[in-house]
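K.L.:
Got a sequence here, can you model it:
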Amino acid sequence: MPDLIREPQARRGGAPPPPANLTDLLHADERPARAELRRQIARLELELAELFISAFPRGGISYDVAPAGGPRLLSIAELEEQRDALLSRIADVRGILSDCGYVEERNRELLERVIAEPERYRWVRISNEDIGEPGCRHWHSRPKWGILGMLMGWWRVKVSSGCPLAGRLEAVD
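P.N.:
I've put the predicted structure just below:
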């Protein structure tokens, strides 16, 4: 009669069988951690995109996310590296935006002073780009009547009308 393999008495109570090997056990325990890291990465990517959108007229701010090296299952360490890289990119972009905002605010204050006292700020020219706004308008402190106004101290701020036309308008037949 063949020998029957019997389970030990302690295991008959319905306890789950042990995993086939240790890697199966580790992968089963990593699922919640992977899901949490992927959730954090998605939130950080969204935050980076929102920062890019808030800085839209400005250039020089990259919003792309580096690839993880092809289609594969990333380890927890690689997911943590990706999350940390996104955190540092977000901090860099926030620093750049803060610096740009500071410069633009200072230029707005300068524009107010130029408009109030154009004779103190001779030949100063401030564009919309300098104050962080779209468009081609600029403000220029210049003498009122050319050389005579310059000699007499008659200064004014001339505001441009905006962007020039793209080309000559053709007559419609």
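K.L.:
Would you mark the buried spots in the helix-or-strand element of the chain with minimal mean pLDDT?
P.N.:
Every helix and strand of the chain was ranked by mean pLDDT, DSSP states H and E. The lowest is helix 146-152, at a mean of 80. Of all the residues in helix 146-152, not one is buried under the rule 16 or more other C-beta atoms under 10 Å. C-beta coordinates here come from the backbone N, C-alpha and C atoms, glycine included.
K.L.:
Neighbouring strands of the helix or strand just after it in the sheet, and parallel or not?
P.N.:
Sequence-wise, the next helix or strand beyond helix 146-152 is strand 155-159, with elements assigned using DSSP states H and E. Strand pairing for strand 155-159, using DSSP bridges, gives strand 138-143 (antiparallel).
K.L.:
need the helices for this structure, in chain order.
P.N.:
22-54, 76-116, 146-152 (DSSP state H).
K.L.:
Quick one: those helices as CSV, columns for distance to N128 too.
P.N.:
Shown next, in CSV, are those (distance: least, C-beta to C-beta, whole Å):
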stretch, distance to N128
helix 22-54, 18
helix 76-116, 10
helix 146-152, 26
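K.L.:
So which of the ones you listed is nearest R137?
P.N.:
Nearest of the helices of the chain to R137, taken as C-beta to C-beta: helix 76-116 at 11.1 Å.
K.L.:
The closest one relative to helix 22-54, how many degrees between them?
P.N.:
10 degrees (axes from the mean of the first three to the mean of the last three C-alpha atoms, to 10 degrees).
K.L.:
Now stretch 127-135 - C-alpha only, CSV.
P.N.:
Extracted in CSV, the C-alpha atoms of stretch 127-135 (Å, rounded to 0.1, in the frame of the first residue of the first chain):
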residue,chain,number,x,y,z
SER,A,127,8.0,95.7,-21.3
ASN,A,128,5.1,93.4,-20.5
GLU,A,129,7.5,90.5,-20.3
ASP,A,130,9.4,92.3,-17.6
ILE,A,131,6.3,92.5,-15.4
GLY,A,132,5.2,88.9,-16.2
GLU,A,133,2.3,89.6,-18.6
PRO,A,134,1.7,88.5,-22.1
GLY,A,135,1.8,90.9,-25.0
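K.L.:
ok, back up a step: can you tell which of the helices of the chain is closest to R125?
P.N.:
helix 76-116 (9.2 Å).
K.L.:
for the record, mean pLDDT for the closest one?
P.N.:
Averaging pLDDT along helix 76-116 yields 91.
K.L.:
Can you tell me which helices and strands it packs against?
P.N.:
On a contact count with 3 or more C-beta pairs under 8 Å, 6 or more residues apart in numbering; DSSP states H and E, helix 76-116 meets helix 22-54, strand 125-127, strand 138-143.
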